[in-house]
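# quick one, structure for this:
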Amino acid sequence: MDESKYILFDKYLNNELGDVELTSFEEQLLSNEDFKKEFEIYKALETSLASKFENEEDEIALRKTLQNLGNQHIKENETAKKETTVISLFNYKKLLVAASIAILIGLFVFNNGNPVYGDFANHNSLELVVRGENNDAIVAAEKAFNSKKYEEALKQLTVLSDEYSDDVEIELYKGICNLELNNYTNAEQIFTKISNGNSSFSTKATWYKALNYLKQEKFEDCKVVLQTIPESAEEYNQAQKLLKKL
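Modelled structure (predicted):
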């Protein structure tokens, strides 16, 4: 596929074609099977890249990296300004598609088509309700967890659990930290205890128990746990989505 098609496809997907160009493009989709197939492949790759990043910051970071590479290409060329603009866009789109292909390979080949933990591990920020004499530990735990410094967060949460032994939220986040640190046995013990209880965190713990199995690629165990999440639970839709992928 030449660069003019990349540019044309990109403009169409971003609603940037004029009336004449748009009519011509849509006529080609109807009359030219090869053109249609190339467009569908390009659109699928673009979509796969966008959907891969649930975290918008990750996608922006990747796109910024690709744009920087494109800008570097411009500096290394001594062609006319108009020509370099086309070349930079072409190279940007080539890199974008290459990144999409890499993602697809990683997702469908190396993971054998199975879902991965990172696709579903979207933790809520830690904002503890409890306040007492150990406010420093509370603030430190929240800051560490929300910065994904799970080892430090676990340390602070363990201190707090000694003081607030009945606080289920603290125990839940201790379980999440253990999960992130690959302490699977500790994580499972915590999630099982909470899920068997009557707190408002019981189904959340059940969800994380399933994720604990998912991260270990124990897919059958993961399915069994997911099927126990009730339709009324906040985690139900995510559980069903994961079940369909298993």
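# for Leu126, see how far away Glu163 is.
16 Å (CB to CB, to the nearest Å). Every C-beta, even on glycine, is put in place using the N, C-alpha and C of the backbone.
# who's more crowded, these two?
Using other CB atoms under 10 Å as the criterion, Glu163 and Leu126 rank with Leu126 on top: 21 against 14.
# name the nearest residue to the more buried one, sequence neighbours excluded.
Phe145 (4.1 Å; CB to CB, 6 or more residues apart in numbering).
# quick one, what contacts that neighbour?
His123, Ser125, Leu126, Ala153, Leu157, Tyr173, Ile176, Cys177 (CB atoms under 8 Å, 6 or more residues apart in numbering).
# that one and Leu160, how far apart?
Phe145 is 12 Å from Leu160, by CB to CB.
# give me the buried positions along stretch 34-43.
Phe35, Phe39, Tyr42 (16 or more other CB atoms under 10 Å).
# out of those residues, name the ones that lie in strands.
Assignment to strands by DSSP state E places none of the buried residues of stretch 34-43 there.
# is it possible to export those to CSV including distance to Lys204?
Shown next, in CSV, are those (distance: CB to CB, whole Å):
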residue, distance to Lys204
Phe35, 49
Phe39, 43
Tyr42, 40
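# list the contacts for Lys128?
In this structure residue 128 is Leu, not Lys. Applying CB under 8 Å, 6+ apart to Leu128 gives the contacts Ile138, Ala141, Glu142, Leu160, Asp167, Glu169, Ile170.
# number of residues surrounding Glu152?
Counted with other CB under 10 Å, Glu152 comes out at 15.
# hmm, it is touching Asn146, no?
No - judged on CB atoms under 8 Å, Glu152 makes no contact with Asn146 at a distance of 11.3 Å.
# now do the helices in this protein.
3-13, 19-31, 33-52, 56-76, 81-105, 135-146, 150-163, 168-180, 184-195, 202-215, 219-226, 236-245 (DSSP state H).
# now the first one against helix 19-31, angle please.
What it means is helix 3-13. On the basis of axes from the mean of the first three to the mean of the last three CA atoms, to 10 degrees, helix 3-13 is oriented at 100 degrees to helix 19-31.
# what's helix 3-13 packed up against?
Using 3 or more CB pairs under 8 Å, 6 or more residues apart in numbering; DSSP states H and E as the contact test, the elements touching helix 3-13 are helix 19-31, helix 33-52, helix 81-105.
# mind giving me the domain ranges of the protein?
Per automatic domain parsing, the structural domains of the chain span 3-112, 118-245.
# any idea which of these has the lowest pLDDT on average?
Lowest mean pLDDT within these: domain 3-112, at a mean of 63.
# contact partners for Thr158?
Lys174.
# from Glu152, how far off is it?
11 Å.
# repeat for Pro230
Pro230 is 35 Å from Glu152, by CB to CB.
# again, but for Gly197
Taken as CB to CB, the span from Gly197 to Glu152 is 27 Å.
# ok, Lys218 next?
Taking CB to CB, one finds Lys218 at 28 Å from Glu152.
# returning to what we had before: drop anything exposed from the contacts of Leu128.
Ile138, Ala141, Glu142, Leu160, Asp167, Glu169, Ile170.
# contacts only, for the closest residue to the third one other than its chain neighbours.
Okay, so that is Glu142. Once flanking residues are discounted, Glu142 sits nearest to Leu126: 4.8 Å by CB to CB, 6+ apart. The neighbourhood of Leu126, defined by CB under 8 Å, 6+ apart, consists of Ala141, Glu142, Phe145, Asn146, Ala153, Tyr173.
# most widely separated two among these?
Asn146 and Tyr173 (10.6 Å; CB to CB).
# which one's more surrounded, the two?
The neighbour comparison of Asn146 against Tyr173 (other CB under 10 Å) goes to Tyr173, with 27 against 14.
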